[in-house]
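[1] Provided below for reference: sequence and predicted model.
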Amino acid sequence: MTGVNLELVFRTFPRLDEGDLELLAADAYEKFDGILVAPGNPDHIGPTLSAIARRGVAIVCVASDASRSERLAS
């Protein structure tokens, strides 16, 4: 049986809907398998989440939801 490696990368921003979209866009082309995100303004961040999801990155929303994005779950 082999182990599972998990690396967590934390990004912080001052408050919801202030800096979250810029951080997400900056990391959009990293080789992440998945992203957990607390979207402050789902309408604002949804298109970016959808673009990332279309590249095969699993997205899970926590503490809020972006129901019109292509996230995996909320």
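    Perfect, thanks for sending it. Numbers count the residues shown, from 1 in each chain.
[2] Show me what the longest helix seen in the chain is packed against.
    Looking across the chain with DSSP state H, the single longest helix is helix 42-54. Applying 3 or more CB pairs under 8 Å, 6 or more residues apart in numbering; DSSP states H and E, one finds that helix 42-54 contacts helix 20-26, strand 34-37, strand 58-61. All C-beta atoms are positioned from the backbone trio N, CA, C, and that covers glycine.
[3] For it, which residues meet the burial criterion?
    42, 45-46, 48-49, 52-53 (16 or more other CB atoms under 10 Å).
[4] who's in contact with the lowest-mean-pLDDT helix or strand in the chain?
    Within the chain, confidence by mean pLDDT, DSSP states H and E is lowest for helix 20-26 among all helices and strands, at a mean of 84. For helix 20-26, the external contacting residues (CB atoms under 8 Å, 6 or more residues apart in numbering) are 11, 13, 35, 37-40, 44-45, 48-49, 52.
[5] can you rerun that using 6 Å?
    With CB atoms under 6 Å, 6 or more residues apart in numbering as the test, helix 20-26 has contacts from 11, 13, 40, 45, 48.
[6] could I get those residues as TSV with distance to Val62 and pLDDT?
    Supplementary listing: the contacts of helix 20-26 in TSV, determined by distance: CB to CB, whole Å; pLDDT from 0 to 100:
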residue	distance to Val62	pLDDT
Arg11	14	83
Phe13	15	77
Gly40	12	78
Ile45	13	84
Thr48	17	88
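[7] Please work out how many residues are found near Tyr29.
    9 (other CB atoms under 10 Å).
[8] how far out from the middle of the chain is stretch 52-60?
    Mean C-alpha position of stretch 52-60 versus that of the full chain (CA atoms, centre = their mean, to the nearest Å) differs by 8 Å.
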